Structures are given as C-alpha cells and as structure tokens.
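Participant: I'd like to go over a predicted model; first the sequence, then the structure.
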Amino acid sequence: MKAIVLLNCGSGSVDGSKADAETARVADAFRAEGLDAAVRAVPAHGIQEAARAAASSPDIDTVVFGGGDGTLNTGATALLDSGKTMGILPLGTFNHFAKDLGVPLNIEDAVRTVAQGLVRRVDVGEANGRPFLNNSSIGFYPEMVRVRDELRRHHGMRKGLAMLTAAREVLREPPFLRVDLRVFDDVTRVRTPFVFVGNNRYEMKLFSLGARAALDRGELSLYVARNARRWGIVRLILRGLVGRLRQDKDFEAITVPHVQVGMHRGVVRVALDGEVFRMESPIRYRIRPAALRVLAPPAAAP
C-alpha cells in the first residue's frame, strides 16, 4: 500500500494547538501496523487542493482522510473516478459515514482498519453534480445553518450555541417549501418544511434514528414531512430527538434511483453532508452505484 494521510486541522478533534501531537500519534499508529504512510496536517481551506493532488499522484494508491463528514465528502469528491481507495480516520463531531460503514471511532483501531480492512465499493449520491456520502436536505436545516453563521459572524458565538439559538429562531417562523417532486414521469406538488434525500435508506425506528444498514443498494431514500404547520414541525423534531418518528404519521418515504426537486425560485440553499451550497432549481438528485472505493472492516464487507 502506498498511502498518504491528510488530517483536517479544523475538524472536531484536531485544532491548531493539537495538530502536531495528533499528526505524531497517527504516524506512530501507522508504523505500529507496519505502514510507513506520509501523514500531513492540512488546514481546512487546503483539504480540497491536497485531496486533488493526492488523487492525481501516480505514487499513491490510497488516500486516508482524517476529519468529519465534510472532510470525507471533499475527499470522496476528489477520488471519484480516480481508481484510488479512500481510508477513514473519524476525527469529526458526528462521523456518520464512518459509523454506518463500521469504521471504529478509536484512532488506533481506525488505522488498523486501513491496514487490514477490505476494499468495499459504496454508492455516492449527487445533487446537481455535487457528490454526497450521507444525505442532502432543503428547507429547515440549511436555514438553520444560515442563521447560525450570521450569529457567529455578528456576535462571535461558539458553533454549538449558535446552532441551538438558530434552531430556536427558525422554529418561530419555519420555512415552508412548495416543491414539485418529479419521480420518473410523475410530478407531485407538496407543501413541506423540508425535503431530505439520503444515500441509501435511513432507518427511522426507535433507537436507530439516522442509521443505515447498507451503503450499496444503489438507491436514494426520499423523505418529505407530512405536517405543514409550525407546531407540527416542533412535534416532529421532538419525536425525532427521542427516536419516535413514524413513517405512517410523520413523513412520506420512498426509495428511487433519481428524483428532481423543483421550486419556484432561482437559487436554493442545499445541504450536503452538513455543508450548505447555493444551487439553481430544480435540484436533480441521482445515485452513483459502487462509485467509491473505501477501506472497511472485514466484518462490514459483503
């Protein structure tokens, strides 16, 4: 294996003050597994460029990314169609993709997965050509991120507090979308606070909210909230927090290979793996089956 390791200095567990120590720790873990990988700490704004350089290098066959879901999204985007394999060191706050893939959250165990794991091909979702590993949403969540960023920019709030404050403010006047959902030749017009599109099916059962049993079924999961009133949204969020969402009462869900989400506005805020982008409507979603090579624990491989 010819590997390079790119650690995002701005991720949840690695900041500027800890970068040197974390880089040394990761390098030691790779040496303990018999791998002499080049380990680099990269500032958040430099991850994209570093990932593209690694993807185009003829001297590297595996690129390992240390960070959260946003970092992995950047890495996957660079590696798609390159033939190279992605390794994962879960150093973010939530690490949804790593968890669903079965990658251990302990760094030494995650390094062992890179060294001893098997290559698995997993699906990647796309929204207007932009890849996502976990999910995409329109409506409530992107609006919360917008308010959060304004609070941080104007009031210097910490990220967590700003997000909680943003959620409270958005709930006072939730966004309601009038969207046209096109699936194959059928068009359905709905009024909803959000549209959620997952890379493969998300479980919405007690104790497993947000988990995915598979990442290679070649399908998108489309969720649209049923309740289009303010207090209905509040109840929906509270039920979600305690793991009591029910498809028959709270939302409609289907699995599709592609879907088009049209709105009566030119530019729309769209969240992809927690990052928000501005896109032209309509938003065209599709699944790319088996598009990404990633190292996973042997037990998780098919």
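Facilitator: Good, I have the coordinates.

Participant: Please name the residues that touch R112.
Facilitator: E33, P104 (CB atoms under 8 Å, 6 or more residues apart in numbering). Glycine gets a C-beta too; all of them are placed from N, C-alpha and C.

Participant: how about a cut-off of 6 Å?
Facilitator: Listed by CB atoms under 6 Å, 6 or more residues apart in numbering, the contact set of R112 reads E33.

Participant: can you give me the mean pLDDT across whichever strand or helix holds it?
Facilitator: Per DSSP states H and E: R112 is located in helix 107-116. Averaged over helix 107-116, pLDDT sits at 95.

Participant: Check which residues of it are buried.
Facilitator: Using 16 or more other CB atoms under 10 Å as the test for burial, helix 107-116 gives I107, A110, V111, R112, T113, V114, A115.

Participant: buried ones in the helix or strand following it?
Facilitator: Sequence order places strand 118-127 as the next helix or strand after helix 107-116, per DSSP H and E. Buried residues in strand 118-127, counting neighbours by 16+ other CB under 10 Å, are found at R120, V122, D123, V124, G125, E126, A127.

Participant: cool, and stretch 281-289?
Facilitator: S281, P282, I283, R284, Y285, R286, I287, R288.

Participant: can you tell me which residues contact the fourth one?
Facilitator: This means R284. So R284 contacts N128, Q260 (CB under 6 Å, 6+ apart).

Participant: Helix, strand or coil: sort out it for me.
Facilitator: Following DSSP: H, G, I helix; E, B strand; the rest coil, R284 is assigned to strand.

Participant: quick one: it from L80, how far?
Facilitator: According to CB to CB, to the nearest Å, R284 and L80 sit 17 Å apart.

Participant: now swap in P282 and tell me
Facilitator: Taken as CB to CB, the span from P282 to L80 is 23 Å.

Participant: just R153 next, same as before
Facilitator: 32 Å.

Participant: could the buried residues of strand 118-127 be laid out in JSON lines, adding distance to L171 and pLDDT?
Facilitator: What follows is the buried residues of strand 118-127, written out as JSON lines (distance: CB to CB, whole Å; pLDDT from 0 to 100):
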{"residue": "R120", "distance to L171": "39", "pLDDT": "96"}
{"residue": "V122", "distance to L171": "34", "pLDDT": "97"}
{"residue": "D123", "distance to L171": "33", "pLDDT": "98"}
{"residue": "V124", "distance to L171": "32", "pLDDT": "98"}
{"residue": "G125", "distance to L171": "28", "pLDDT": "98"}
{"residue": "E126", "distance to L171": "30", "pLDDT": "98"}
{"residue": "A127", "distance to L171": "25", "pLDDT": "98"}
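
Participant: Count the neighbours of V224 for me.
Facilitator: 22 (other CB atoms under 10 Å).

Participant: Touching, it and A253? I think so.
Facilitator: No: at 7.9 Å, V224 does not count as touching A253 under the criterion of CB atoms under 6 Å.

Participant: Confirm G160 sits in a strand?
Facilitator: No: counting by three-state DSSP, G160 is not part of a strand but helix.

Participant: and it, how many residues sit next to it?
Facilitator: A count of nearby residues for G160, using other CB under 10 Å, gives 10.

Participant: The chain should start at 17 in everything you say after this.
Facilitator: In the new count, where the first residue is 17, that last one comes out as G176.

Participant: which residues touch R56?
Facilitator: So R56 contacts L22 (CB under 6 Å, 6+ apart).

Participant: ok, back up a step: in JSON lines: the buried residues of strand 134-143, plus distance to A48.
Facilitator: Output for the buried residues of strand 134-143, formatted as JSON lines (distance: CB to CB, whole Å):
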{"residue": "R136", "distance to A48": "24"}
{"residue": "V138", "distance to A48": "27"}
{"residue": "D139", "distance to A48": "33"}
{"residue": "V140", "distance to A48": "32"}
{"residue": "G141", "distance to A48": "35"}
{"residue": "E142", "distance to A48": "38"}
{"residue": "A143", "distance to A48": "40"}
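
Participant: Looking at the buried residues of helix 123-132, which is nearest L311?
Facilitator: V130 (5.4 Å; CB to CB).

Participant: For the residue lying closest to that closest one once chain neighbours are set aside, give me its contacts.
Facilitator: Counting by CB to CB, 6 or more residues apart in numbering, V130 lies nearest to G103, which is 4.0 Å off, once chain neighbours are set aside. G103 makes contacts with T78, V80, V130, L311, as judged by CB under 6 Å, 6+ apart.

Participant: Distance-wise, check D289 relative to A60.
Facilitator: For D289 relative to A60 (CB to CB), the value is 14 Å.
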